[in-house]
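*Asks:* The following block contains a protein sequence and its predicted model.
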Amino acid sequence: MRGGHHAVTHWVDLDVGRRVRTLRKEASITQAALAAACGITFQQIQKYEKGSNRISISMLWQIARALNLPLATLLPPENRPKESELGKVWERVWWAAR
């Protein structure tokens, strides 16, 4: 927090973190094992997965390699669906599927 302003987590950071978490679990890899493969702590993986820390492109590349996935698999869609286009129900379904 700087100057009394609260940082707001960008939807892209949340989406990428959710993708890392989901794909890591699908691969049956622990946070500790992924962290070791990337040369960081498991606490940092936790922060990435929560979206509280942004993942640099070089770290995202390392994570993709450790999960044996193409880098693009971890990237969000180019355009976030808008509530006005999809409605509240569809937006909840879209996020739940992430």
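*Replies:* Structure's in. What do you need?

*Asks:* Identify the residue nearest the residue nearest the centre of the chain in space, chain neighbours excluded?
*Replies:* For the chain, the residue nearest the mean C-alpha position is Gly17 (1.5 Å; C-alpha atoms, centre = their mean). Of all residues not flanking Gly17 in the chain, Gly51 sits nearest, at 4.1 Å (C-beta to C-beta, 6 or more residues apart in numbering). All C-beta atoms are positioned from the backbone trio N, CA, C, and that covers glycine.

*Asks:* so what's that neighbour up against?
*Replies:* For Gly51, the contact set (C-beta atoms under 8 Å, 6 or more residues apart in numbering) comprises 9, 13-18.

*Asks:* which one of these has the most neighbours?
*Replies:* The member of those surrounded by the most neighbours (other C-beta atoms under 10 Å) is Gly17, with 23 neighbours in all.

*Asks:* distance of it from Leu23?
*Replies:* Computed with C-beta to C-beta, to the nearest Å, the distance linking Gly17 and Leu23 is 11 Å.

*Asks:* send the alpha carbons of stretch 59-67 over as PDB?
*Replies:* Extracted in PDB, the C-alpha atoms of stretch 59-67 (Å, rounded to 0.1, in the frame of the first residue of the first chain):
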ATOM      1  CA  MET A  59       9.200 -17.200 -14.600                       C
ATOM      2  CA  LEU A  60       6.000 -18.100 -16.400                       C
ATOM      3  CA  TRP A  61       8.200 -19.800 -19.100                       C
ATOM      4  CA  GLN A  62      10.000 -21.700 -16.300                       C
ATOM      5  CA  ILE A  63       6.700 -22.800 -14.800                       C
ATOM      6  CA  ALA A  64       5.400 -24.000 -18.200                       C
ATOM      7  CA  ARG A  65       8.600 -26.000 -18.700                       C
ATOM      8  CA  ALA A  66       8.300 -27.500 -15.300                       C
ATOM      9  CA  LEU A  67       4.700 -28.500 -16.000                       C
END
